[in-house]
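Student: Attaching a predicted model along with its sequence, questions to come.
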2 protein chains.
Amino acid sequence: MPLGVGVIGAGVVGGGVIRTLLSNAGVIRDKTGLEVVLRHVAEINQGNLKEFDLEGIRVSSDAKSLYDDPTVDVVCELIGGMEPAKSFILGAMAAGKHVVTANKMLLAQAGAELTAAAQKHGVHLRYEAAVAGGIPIIKALREGLAANHIRSIYAILNGTCNYILTRMTYEDLEFEAALKRAQELGFAETPPDLDVDGWDTAHKCQILASLCYSTRVNLDDIFVEGVRNVTHLDVAYAREMGYVIKLLAIIRRGDTEIEARVHPTLVPEAMLLAQVRNEFNGIYVESDIADATMYYGRGAGRMPTASAVVADIIDIARARETPPPSPFRYTHEIDIRDIGLLEGRYYLRMTTLDEPGVLGEICTILGKHRVGIASIIQKEEAEDTPAHIVITTHTTIESSVMAALAEIDPLRFVTEPTHVMRML
Amino acid sequence: MPLGVGVIGAGVVGGGVIRTLLSNAGVIRDKTGLEVVLRHVAEINQGNLKEFDLEGIRVSSDAKSLYDDPTVDVVCELIGGMEPAKSFILGAMAAGKHVVTANKMLLAQAGAELTAAAQKHGVHLRYEAAVAGGIPIIKALREGLAANHIRSIYAILNGTCNYILTRMTYEDLEFEAALKRAQELGFAETPPDLDVDGWDTAHKCQILASLCYSTRVNLDDIFVEGVRNVTHLDVAYAREMGYVIKLLAIIRRGDTEIEARVHPTLVPEAMLLAQVRNEFNGIYVESDIADATMYYGRGAGRMPTASAVVADIIDIARARETPPPSPFRYTHEIDIRDIGLLEGRYYLRMTTLDEPGVLGEICTILGKHRVGIASIIQKEEAEDTPAHIVITTHTTIESSVMAALAEIDPLRFVTEPTHVMRML
């Protein structure tokens, strides 16, 4: 029997799902032998529906009519945000409907509650589209690498930030100019805060960490730094040293804790991840059995995201007869390591007056805090302009770097707070 | 109830599967809630079993005992080759067992027969490990991109060839020296023919094409050219023009036919695929809904291949209650386009006497066959040494290029057959 699909929200992503279900039902049938049929669309703004031929498909202006519709087996929640999305999902589950969502913000903040509701009502809750759009990364981690212990994930998960950083790197643009370009091309929203301040990446980081380690992750425990403070100067220095700056979500498993953090990171140019450019996403995974794998594609946009939503619908059609698996499994209690305890290498760019003794004083303070210097660059500048001192450190503890900078930055000859970035 | 697993063949891959099932059963249980238990190992050479603690696990020296064992639900065929692997798989299916295999040669040559047997007996036949080892590419194509019409695949599927070509590119080695290095490091077998002559890639190309287009693909219809004739000279010229040479499996969908071919290819350096180096594999997929995605990882080796085998086992555990899906779906009859009809760009390296009039005669012949020249390089050589003329063409028909070369190569001043490579 065909699987009946209801779509709540016919905006960018919802419209892509409607279009895919209308145009590609034949492809799906050919490839899988399964029938998925659009039955019902709920949308407040009927203008959004004009572009589709919805002959024979029920249209409502409220979600409840949709999830009470007995011809609907799967409800796709594609309006985004916290409320009313959450109430719609809980209502659909209570009505015995499977749910597919692309709502990363909601999952990151209420994943445990939604999982409990799905378990209680014996329905599927699937969310491939919530992380990295058209890239089947949830499936790869949950099924393809199911036999693996995940050691670490380094992921570019926000197309807006990656586009901005790529243009800063290859076109010598400053942040504001690159952001403006991204907005003109539709790769960035107005206001862009959720993206450029790192929160969108943090939501996806929370979802991946919960999934990989079967543990509840508190969003507030994730260290988050966005790309607003990355300057063209840092991008240029990094390149000179063989690095590209990327906004990464980093998840790593320690013995008793995990790391989960989001910040601009210097990635060695020779790593494939450094070559993920423009609005594309890339997820580099290290695991104990398969070793390194990487997944690349469009992390956002109408049709790529729709591809993931419809893949989830098809999976539900395929698995309909079995009791659904838990969306997340919270079988473990694992803490997230405090960012201060992070061990890694650091890029420090200091801006100072060009005076004798400056470098000696800085190096002495770093040494006192056991921060080893791996490389140092200071270039000749015109007289009376501040000097830039760029230092990369050996592996050290984040709190030592911060303690050293707390002494360095107030020094009389330091004219700007030191720019700090973590290196991969 | 736990899923009982039997492993036929405890060699490289089989040993990896045994090790994974013994070491990571807890990880699998945590992540999926499923229990998979190794019950039985069949291996002729008992010496292969010494490294494992098989306490409580039945060991046989024949496959039949294993697939007749009522505690075994899934049989993993990991001996490779045509026979007796095929008989073992058919025997296991007849005994009602699900089958997981890594045997690309067998699937490429008898996929239709095995599919029919699986359907007849109502069992799963799964083969994630047969293509690209630890990369979950079968799952990505069959499930992750299930809603998509696949437009094209460009894939590096043989780690041996990619290692050799990488070393030729970045260490200025000739083919033989790079092959020797690959053999020393265990990345190439002795004899290396199945890999370097392109057949291993062709087997995987056959499997991907069958899967993507739900059609029987005759292995003999796939054009296959290996890497034996790629010289360091070609690699260097290609780089100078901004290309890297890769052995690609190329699958593309036309209106009425598909292309399926394997040959050395000039890949633009700016493409992510060009950055897939050494023994790694990469699969670049273009599809109508998700657009471009790429998958990267280790395509061979004990543990990465084991990761894929165990993922298939877990999928069977997850889906045990439903009627198994068909391994391949042969719902379409589509022809493979003859290589002579290929439209593309070509790299031609000619070796000629350094005489007046040579270039004119060559260009006249190319023009007569409507082959347009996009770029040409001829460098000064020491006197009395042959000249190399390197030409890249505009888009043209393969048969036109071949017709032109059939006139050019017999010319008195041409001292070596022209080296031809296709460009991406």
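Tutor: Noted; the coordinates are in hand.
Student: all contacts plus neighbour counts: C-alpha atoms, from now on.
Tutor: Will do.
Student: ok, which stretches of the stretch 251-400 of chain A are helices?
Tutor: Using DSSP state H, counting those that start in this stretch, the helices of the stretch 251-400 of chain A run over A:302-319, A:358-368, A:398-408.
Student: Is the first one in proximity to chain B?
Tutor: It refers to helix A:302-319. Yes - shown here: helix A:302-319 in contact with chain B (CA under 8 Å from any CA of the partner chain) through A:303-308, A:310-311, A:314-315, A:319.
Student: Most remote residue from the middle of chain A, which is it?
Tutor: A:Pro356 (44.9 Å; CA atoms, centre = their mean).
Student: ok, now which ones touch that one?
Tutor: A:Pro356 makes no contacts at all, as judged by CA atoms under 8 Å, 6 or more residues apart in numbering or on different chains.
Student: With mean pLDDT added, can I get the helices of the stretch 251-400 of chain A in JSON lines?
Tutor: Shown next, in JSON lines, are those (pLDDT from 0 to 100):
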{"stretch": "helix A:302-319", "mean pLDDT": "95"}
{"stretch": "helix A:358-368", "mean pLDDT": "93"}
{"stretch": "helix A:398-408", "mean pLDDT": "96"}
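Student: Show me the one of those helices that comes nearest B:Gly297.
Tutor: Among the helices of the stretch 251-400 of chain A, the nearest to B:Gly297 by CA to CA is helix A:302-319 (21.6 Å).
Student: between that closest one and helix B:302-319, how big is the angle?
Tutor: 60 degrees (axes from the mean of the first three to the mean of the last three CA atoms, to 10 degrees).
Student: tally of neighbours for A:Ile57?
Tutor: 13 (other CA atoms under 10 Å in any protein chain shown).
Student: swap in A:Gly297?
Tutor: 26.
Student: one step back: and among the helices of the stretch 251-400 of chain A, the most buried is which?
Tutor: Mean neighbours per residue, mean count of other CA atoms under 10 Å in any protein chain shown, is largest over these for helix A:302-319, with a mean of 26.
Student: Run through the strands of the stretch 201-350 of chain A in chain order.
Tutor: Ranges of strands within the stretch 201-350 of chain A are A:223-224, A:243-253, A:257-268, A:280-287, A:291-298, A:335-336, A:343-352, based on DSSP state E, counting those that start in this stretch.
Student: at contact distance from chain B, anything in the second one?
Tutor: No - counting by CA under 8 Å from any CA, chain B has no neighbours in strand A:243-253; the shortest distance is 13.4 Å.
Student: Could I have the CA atoms of that strand written out in CSV?
Tutor: Provided in CSV are the C-alpha atoms of strand A:243-253 (Å, rounded to 0.1, in the frame of the first residue of the first chain):
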residue,chain,number,x,y,z
TYR,A,243,46.4,26.6,6.4
VAL,A,244,42.9,27.6,5.4
ILE,A,245,40.5,29.0,8.0
LYS,A,246,37.2,27.1,8.3
LEU,A,247,34.4,27.3,10.8
LEU,A,248,34.4,23.7,12.1
ALA,A,249,32.2,21.7,14.4
ILE,A,250,34.6,19.4,16.2
ILE,A,251,33.5,16.4,18.1
ARG,A,252,36.1,14.1,19.7
ARG,A,253,35.8,11.2,22.1
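Student: Pop out the phi and psi values for A:Ala300.
Tutor: The phi/psi pair for A:Ala300 (degrees, to the nearest 10) reads phi -150, psi -180.
Student: For the helix or strand of chain A with the lowest mean pLDDT, which helices and strands make contact with it?
Tutor: Between all helices and strands in chain A, the lowest mean by mean pLDDT, DSSP states H and E belongs to strand A:335-336, at a mean of 83. If you count contacts as 3 or more CA pairs under 8 Å, 6 or more residues apart in numbering or on different chains; DSSP states H and E, strand A:335-336 packs onto strand A:257-268.
Student: Kindly recompute the last result at 10 Å.
Tutor: The contact analysis (3 or more CA pairs under 10 Å, 6 or more residues apart in numbering or on different chains; DSSP states H and E) places strand A:335-336 against strand A:243-253, strand A:257-268.
Student: chain center to it: distance?
Tutor: Relative to its parent chain, strand A:335-336 has a centroid offset of 19 Å by CA atoms, centre = their mean, to the nearest Å.
Student: What pairs with that strand, parallel or antiparallel?
Tutor: Partners of strand A:335-336 in the sheet, by DSSP bridges, are strand A:257-268 (parallel).
Student: Can you report how many residues neighbour the closest residue in space to A:Asn158 that isn't next to it in sequence?
Tutor: Nearest residue to A:Asn158, sequence neighbours excluded (CA to CA, 6 or more residues apart in numbering or on different chains): A:Thr201, at 5.9 Å. By other CA under 10 Å, 32 other residues sit near A:Thr201.
Student: do the same with A:Tyr170
Tutor: Counted with other CA under 10 Å, residues neighbouring A:Tyr170 total 12.
Student: Kindly report which one of the strands of the stretch 201-350 of chain A carries the lowest mean pLDDT.
Tutor: Ranked by mean pLDDT, the strands of the stretch 201-350 of chain A bottom out at strand A:335-336, with a mean of 83.
Student: thinking again about what came up before, most tightly surrounded among the helices and strands packed on strand A:335-336?
Tutor: Scoring the helices and strands packed on strand A:335-336 by mean count of other CA under 10 Å, the most buried comes out as strand A:243-253, with a mean of 25.
Student: From the contact counts, what lies against that strand?
Tutor: In terms of contacts (3+ CA pairs under 10 Å, 6+ apart), strand A:243-253 is packed against strand A:150-156, helix A:159-170, helix A:199-213, helix A:232-240, strand A:257-268, strand A:280-287, strand A:335-336, strand A:414-423.
Student: Mind checking these for the one nearest to B:Ile207?
Tutor: strand A:280-287 (25.6 Å).
Student: The closest one near chain B at all?
Tutor: Yes - contact between strand A:280-287 and chain B is present through A:280-287 (criterion: CA under 10 Å from any CA of the partner chain).
Student: Same check on stretch A:166-174?
Tutor: No - residues of stretch A:166-174 contacting chain B under CA under 10 Å from any CA: none, with a closest distance of 12.8 Å.
Student: same check, this time on stretch A:72-83
Tutor: No - on the criterion CA under 10 Å from any CA, stretch A:72-83 is out of touch with chain B, staying 15.4 Å away.
Student: What are the buried residues along that stretch?
Tutor: Using 16 or more other CA atoms under 10 Å in any protein chain shown as the test for burial, stretch A:72-83 gives A:72-80.
Student: just how off-centre is it within its chain?
Tutor: 20 Å.
Student: could you give the mean pLDDT of that stretch?
Tutor: Averaged over stretch A:72-83, pLDDT sits at 97.
Student: quick one on the thing from earlier: which residues does the residue nearest to A:Asn158 contact?
Tutor: A:104-105, A:131-132, A:155-159, A:161, A:194-195, A:207, A:224-226, A:247-249, A:261-263 (CA atoms under 10 Å, 6 or more residues apart in numbering or on different chains).
Student: Buried ones among those?
Tutor: Among the contacts of A:Thr201, the ones that count as buried by 16+ other CA under 10 Å are A:104-105, A:131-132, A:155-159, A:161, A:195, A:207, A:224-226, A:247-249, A:261-263.
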